[in-house]
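> missing the sequence, but the structure's below:
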Ligand SMILES: CC(=O)N[C@H]1[C@@H](OP(=O)(O)OP(=O)(O)OC[C@H]2O[C@@H](n3ccc(=O)[nH]c3=O)[C@H](O)[C@@H]2O)O[C@H](CO)[C@@H](O)[C@@H]1O
Ligand SMILES: C=C(OP(=O)(O)O)C(=O)O
């Protein structure tokens with residue numbers, strides 16, 4: 001288990017470029033299975049989860065030519081689908097959430113797929129019902145192996161159908177969409193997720209020849225085609241990294257420019273940080289966060305205490321709730337943080353309280369943060385990262401705290417943030433990686 005040793009209290013300065021989006025990459029890289037032709041993908045983040053997804057493809061026979069550090073040409077012209085039934089695949093795919101999205105393209109092109117229990121963050125129950133029921137409606141049969149926790153899917157041919165999702169699952173929508181693009185006839189997916197990740201996937205599929213209407217909305221209409229061709233695709237900047245850096249700048253009283261932030265794709269993210277009182281200047285596609293002695297949490301218009309909660313896109317992403325919570329601890333004012341989607345994402349809060357933050361953990365989903373400005377600065381402690389975003393929230397807290405902190409289990413952070421220690425060191429942060 002590796003750790004970061006962080007000496008807090010340093011003001012950071014300079015420019016930082018967000019990596020390509022992790023959750024987009026996991027969808028896009030799965031979609032290369034839909035064609036035998038080459039697909040060139042650029043701005044691929046060099047992070048553990050994405051590298052694992054690429055290895056999974058390689059191990060089932062997809063050719064991967066890394067033409068530069070962030071660009072690969074994939075060609076799925078000789079795929080061994082049976083590899084997915086192997087112990088090897090089960091082990092490796094169990095390490096990340098994104099592996100589940102190999103199933104949709106495999107069903108579409110090869111008529112069978114295996115879905116082992118996917119990994120990813122242990123942030124609550126993460127069921128696959130939306131995915132499997134969607135496949136079933138398209139004409140797939142499934143068998144669930146209880147002992148191995150393994151879904152086996154097969155079809156004699158997928159057929160277009162109207163699907164109303166029980167919830168707008170992000171990976172579920174991507175999976176069903178990728179299955180539907182080559183199904184016979186018309187499919188509609190209503191209550192679809194519509195994050196920029198999915199919009200990007202739709203655009204890529206359309207460049208490959210898919211017929212999709214309603215991109216960016218919660219109703220996707222897909223007219224099945226017989227086959228898809230190769231294409232090129234570039235990943236957007238990672239909006240979760242952008243949000244993390246906005247919070248980091250304010251909390252450490254730093255002056256940072258986030259270069260090429262993809263501002264038009266950030267939805268309400270800047271607005272939520274502005275509600276915490278954080279100033280930002282949009283300069284072209286860069287976000288400049290000036291030094292701020294203090295930032296003050298706004299109230300609602302009627303003067304009641306602000307609530308920040310997660311919601312499917314275009315609402316506020318759950319992946320930034322932990323970061324907003326930590327950043328609020330050094331603000332002036334109070335905010336109720338409500339993590340609606342996941343029941344185990346706020347458990348790191350006891351560590352932030354141990355650092356000296358004034359927080360009332362109301363229940364597994366809600367925490368009230370009482371920001372007293374820097375009256376009681378946080379103090380460094382030893383903590384362990386339970387998931388990607390809590391890990392980065394802890395790192396931000398440690399960088400703002402007085403004294404030294406140790407963050408253990410940083411493998412969680414490495415799943416989603418590319419060389420975060422080196423990139424923050426370049427801004428002046430004191431972080432040492434201990435392997
Ligand atoms: C690889 C990947 O892309 N992972 C993301 C993806 O995970 P993932 O696709 O696994 O998440 P889902 O969208 O399926 O749902 C996440 C959780 O939220 C619950 N839920 C969902 C929708 C809803 O309206 N109400 C509700 O309560 C679900 O029951 C589930 O427990 O989307 C999540 C939700 O944005 C993000 O946190 C993950 O980073
Ligand atoms: C929850 C996340 O990731 P995953 O779904 O891959 O576990 C995340 O990116 O915050």
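Here it is on my side, so go on. These figures come from a predicted structure and were not determined experimentally. Ligands and ions are numbered 1, 2, ... in the order given.
> Could you use CA atoms for every contact and neighbour count after this?
Will do.
> those strands in the stretch 301-435 of the chain, which residues are they?
Taking DSSP state E, counting those that start in this stretch as the criterion, the stretch 301-435 of the chain carries its strands at 306-309, 332-338, 359-363, 366-372, 382-384, 404-408, 430-434.
> Okay, now the sheet partners of the first one, with direction.
Think strand 306-309. The sheet places strand 306-309 alongside strand 332-338 (parallel), with pairing taken from DSSP bridges.
> can you list contacts of the partner strand?
When contacts are defined by CA atoms under 8 Å, 6 or more residues apart in numbering, strand 332-338 is touched by residues 294-298, 305-310, 321, 325, 328, 365-373.
> distance between it and the chain's centre?
Centroid separation between strand 332-338 and its chain, computed with CA atoms, centre = their mean, to the nearest Å, is 24 Å.
> quick one on the thing from earlier: and the strands of the stretch 301-435 of the chain as TSV, adding distance to ligand 1?
Conversion of the strands of the stretch 301-435 of the chain to TSV gives the following (distance: least, CA to the nearest ligand atom, whole Å):
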stretch	distance to ligand 1
strand 306-309	12
strand 332-338	12
strand 359-363	16
strand 366-372	14
strand 382-384	20
strand 404-408	21
strand 430-434	25
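> export those to a markdown table and tack on mean pLDDT and mean neighbour count?
Below are the strands of the stretch 301-435 of the chain laid out as a markdown table (pLDDT from 0 to 100; neighbours: other CA atoms under 10 Å):
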| stretch | mean pLDDT | mean neighbour count |
| --- | --- | --- |
| strand 306-309 | 98 | 19 |
| strand 332-338 | 98 | 23 |
| strand 359-363 | 96 | 16 |
| strand 366-372 | 96 | 21 |
| strand 382-384 | 97 | 19 |
| strand 404-408 | 98 | 21 |
| strand 430-434 | 98 | 17 |
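> Out of those, flag the one nearest ligand 2.
Evaluated over the strands of the stretch 301-435 of the chain, closeness to ligand 2 peaks at strand 306-309, with 15.1 Å, by CA to the nearest ligand atom.
> hmm, who's touching that closest one?
With contacts defined as CA under 8 Å, 6+ apart, strand 306-309 is touched by 272, 297-300, 316, 318, 321, 334-340.
> Go again with 6 Å.
299, 300, 335, 336, 337, 338, 339 (CA atoms under 6 Å, 6 or more residues apart in numbering).
> Report the distance from it to the chain centre.
On CA atoms, centre = their mean, the centre of strand 306-309 falls 21 Å from the chain's centre.
> Same question for stretch 73-88.
Between the mean C-alpha location of stretch 73-88 and the chain-wide mean there is a distance of 25 Å, by CA atoms, centre = their mean.
> what comes up buried for that stretch?
Going by neighbour count (16 or more other CA atoms under 10 Å), the buried part of stretch 73-88 is 73, 74, 75, 76, 79, 81, 83, 84, 85.
> which residues touch the first one?
Contacts for residue 73 (CA under 6 Å, 6+ apart) come out as 39, 40, 64, 65.
> Adding secondary structure and pLDDT, write those out as CSV.
Below are the contacts of residue 73 laid out as CSV (DSSP: H, G, I helix; E, B strand; the rest coil; pLDDT from 0 to 100):
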residue, secondary structure, pLDDT
39, strand, 98
40, strand, 98
64, strand, 98
65, strand, 98
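> quick one: which of the residues you listed is most hemmed in?
Tallying neighbours with other CA atoms under 10 Å puts residue 39 at the head of those, with 23 neighbours.
> Test my guess that that residue contacts residue 228.
No. Here residue 39 does not reach residue 228: they are 10.9 Å apart, not a contact under CA atoms under 6 Å.
> returning to that earlier point: which one of the contacts of strand 306-309 is nearest to residue 116?
Checking the contacts of strand 306-309 against residue 116 with CA to CA, the nearest one is residue 339 at 27.3 Å.
> The nearest residue to that closest one once chain neighbours are set aside: neighbouring residues, count only.
Nearest residue to residue 339 in three dimensions, chain neighbours excluded: residue 365, at 5.0 Å (CA to CA, 6 or more residues apart in numbering). Here the number of neighbours of residue 365 (other CA under 10 Å) works out to 18.
> Residue 427 too?
The number of residues packed around residue 427, counting by other CA under 10 Å, is 18.
> Hmm, residue 12 and it touching each other?
Yes. With contact defined as CA under 6 Å, residue 427 reaches residue 12; the gap is 5.2 Å.
> For the protein, just list every one of the helices.
Remark: helices assigned in the chain by DSSP state H are 22-31, 48-59, 87-93, 103-110, 129-137, 170-180, 196-207, 239-251, 269-275, 321-328, 349-354, 388-400, 411-414, 420-425.
> what's near enough to touch residue 83?
Applying CA under 6 Å, 6+ apart to residue 83 gives the contacts residue 60.
> Let's see that with 10 Å instead.
Shown in contact with residue 83 (CA atoms under 10 Å, 6 or more residues apart in numbering): 56, 59, 60, 61, 89, 90, 114.
> What of residue 159?
Residue 159 touches 137-140, 179-180, 182-187, 224, counting by CA under 10 Å, 6+ apart.
> shared neighbours, residue 39 and residue 228?
With contacts defined as CA under 10 Å, 6+ apart, the residues adjacent to both residue 39 and residue 228 are 32, 208.
> TSV please, covering the contacts of residue 73 and showing distance to ligand 2.
What follows is the contacts of residue 73, written out as TSV (distance: CA to the nearest ligand atom, whole Å):
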residue	distance to ligand 2
39	23
40	23
64	22
65	24
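> Which other helices and strands does the helix or strand of the chain with the lowest mean pLDDT contact?
Scoring the helices and strands of the chain by mean pLDDT, DSSP states H and E places helix 87-93 at the bottom, with a mean of 86. Helices and strands touching helix 87-93, as assessed by 3 or more CA pairs under 10 Å, 6 or more residues apart in numbering; DSSP states H and E, comprise helix 48-59, strand 112-116.
> The shortest one vs helix 129-137, what angle?
Put plainly, it is strand 112-116. 160 degrees (axes from the mean of the first three to the mean of the last three CA atoms, to 10 degrees).
> Which strands border strand 112-116, and is each parallel or antiparallel?
Going by DSSP bridges, the partners of strand 112-116 are strand 150-154 (antiparallel).
> which bits of the stretch 301-435 of the chain sit near ligand 2?
By the rule CA under 6 Å from any ligand atom, the part of the stretch 301-435 of the chain lying against ligand 2 is 319, 388, 389.
> quick one: low-confidence ranges for the stretch 201-350 of the chain?
Scanning the stretch 201-350 of the chain for pLDDT under 70 picks out no residues.
> tell me the domain ranges of this protein?
Domain assignment of the chain by automatic domain parsing yields the ranges 3-19+237-434, 22-234.
> Show the end-to-end separation of the last one, please.
Start-to-end span of domain 22-234 (CA to CA, to the nearest Å) is 12 Å.
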